[in-house]
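J.: compute the structure for the input listed below.
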Amino acid sequence: MSLKSRKISYSDTINETLDYLLGTDDSVMLMGQGVKSPWYVGSTCNGLVKKYGEERVLDTPVSENGITGAAVGAAIVGMKPIVVHPRMDFMLYAFDPIINQAANWHFMSGGKSNVPVVFWGIINRGGEQAAQHSQSLYSIFAHIPGLKVITPSTPYDVKGLLFSAIRDPNPVLFVDDRWLYSIMEEVPEEEYEIPIGKGIIRKEGKDVSLVSFSYPMHEASKAAAKLSKENIDVELIDLRSIKPYDKELLLESVKKTGKLILVDGSWKTGGFSAEIAAFVAENAFKYLKSPIIRVCLPDVPAPASQILEEEYYITSDKIVQAVKQIL
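T.: Presented below is the predicted three-dimensional model:
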């Protein structure tokens, strides 16, 4: 039986999901800088402070380490905090409570204690915001044992993955991207969960496996549509989560196409695409008919000039070029 659905934007999907979680579970709380301000978080938190009060939805001072530490402490004693970092760049100040504390607590307690906290990091690239406000730092967090990392690219996925994240007994990093906020999609009105670590084939194909996640997934989708007009049949895979990620789905696709292109919206050196490439090389080398190609950002800080930004960021044309190169 199909669920009743309606067309809704990515940002409004986040807002309604947060509203539902706060309204149905008294242990859920939202905290962070700018939860009252569209300038910080777009429409994702509209009306939540007014509806649930400042004890459940806390617009906090500018102290990334302090508010994240408070969220971790609240999670340890039974709350389910969602702590928003409106610019992922400044999550660097919160490394200690995220990495040293939250990620290790369940393991170091011998499984006797949990930390059900969601760290919500928003990528704010583009718009001439320059190097200190444009960084996609998810690869760092995917490196850490004890953390799960979700990277949705659609309204449907962000709802299902947020339900899974807030109900996970241990810490989850929600990688958000403001470039996704205006994307529209049919989303079921009922609650549902998407398992963390389960990818999806967006388009089946036989010529090359094109793998991505978060906003770059949409540039990969545009590239696949352009290539189909030239009779190039791309298999498009959206990982949806990068810790854990869907290894079985990756291997099945590579075995079918023999060619792999990875589209990763962060830097190339030491990025998450390197992890996927290494995994495939270790486990499916005999199926590869050509070297793996990675489409990533250049290993330089983000520019402040709009003209340079157009060259710096990943576009569908750059992906099309990579596919033609591998073929």
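J.: longest helix in this protein, please.
T.: helix 10-24 (DSSP state H).
J.: hmm, who's touching it?
T.: The contact list for helix 10-24 (C-beta atoms under 8 Å, 6 or more residues apart in numbering) reads 8, 28-30, 42-48, 51-52, 56-57, 82, 154-156, 158-159, 162-163, 166, 176, 180-185, 187, 191. C-beta: built from backbone N, CA, C; applies to glycine.
J.: kindly recompute the last result at 6 Å.
T.: Residues outside helix 10-24 that contact it (C-beta atoms under 6 Å, 6 or more residues apart in numbering) are 28, 42-44, 46, 52, 155, 158-159, 162, 166, 180-181, 183, 187.
J.: check those residues against residue 36 and report the nearest one.
T.: Ranked by distance to residue 36 (C-beta to C-beta), the contacts of helix 10-24 are led by residue 46 at 9.2 Å.
J.: so where does that closest one fall, helix or strand?
T.: Under DSSP states H and E, no helix or strand contains residue 46.
J.: next, count neighbours for the nearest residue to it once chain neighbours are set aside.
T.: Leaving aside its sequence neighbours, residue 46 sits nearest to residue 15 (C-beta to C-beta, 6 or more residues apart in numbering; 5.5 Å). Counted with other C-beta atoms under 10 Å, the neighbours of residue 15 add up to 20.
J.: likewise residue 82?
T.: By the criterion of other C-beta under 10 Å, residue 82 has 25 neighbours.
J.: return the residues in contact with the residue lying closest to it once chain neighbours are set aside.
T.: Nearest residue to residue 82, sequence neighbours excluded (C-beta to C-beta, 6+ apart): residue 118, at 4.5 Å. Residue 118 is in contact with 82, 165-166, 172, 174, counting by C-beta under 6 Å, 6+ apart.
J.: tell me the one of those residues nearest residue 144?
T.: Comparing these against residue 144 with C-beta to C-beta picks out residue 172 as the nearest, at 12.0 Å.
J.: what number of residues lie near the closest one?
T.: 27.
J.: in space, what's closest to it - neighbours in sequence excluded?
T.: residue 165 (4.0 Å).
J.: swap in residue 206?
T.: Spatial nearest neighbour of residue 206, excluding adjacent residues (C-beta to C-beta, 6+ apart): residue 233 at 5.0 Å.
J.: tell me how far the one you found lies from residue 255.
T.: From residue 233 over to residue 255 the distance is 16 Å, taken as C-beta to C-beta, to the nearest Å.
J.: swap in residue 29?
T.: From residue 29 over to residue 255 the distance is 45 Å, taken as C-beta to C-beta.
J.: helices or strands next to the helix or strand residue 106 falls within in the packing?
T.: Residue 106 is part of helix 103-108 when elements are defined by DSSP H and E. The criterion is 3 or more C-beta pairs under 6 Å, 6 or more residues apart in numbering; DSSP states H and E, and there are no helices or strands that helix 103-108 contacts.
J.: ok, so what distance separates the residue nearest to residue 206 from residue 93?
T.: Counting by C-beta to C-beta, the separation of residue 233 from residue 93 is 46 Å.
J.: with residue 105 instead?
T.: Residue 105 is 20 Å from residue 93, by C-beta to C-beta.
J.: of the two, who's got more company?
T.: Per other C-beta under 10 Å, whichever of residue 105 and residue 93 has more neighbours is residue 105, with 20 against 16.
J.: just the strands in the stretch 201-327 of the chain please.
T.: All strands of the stretch 201-327 of the chain, identified by DSSP state E, counting those that start in this stretch, fall at 208-212, 234-238, 241-243, 260-267, 293-297.
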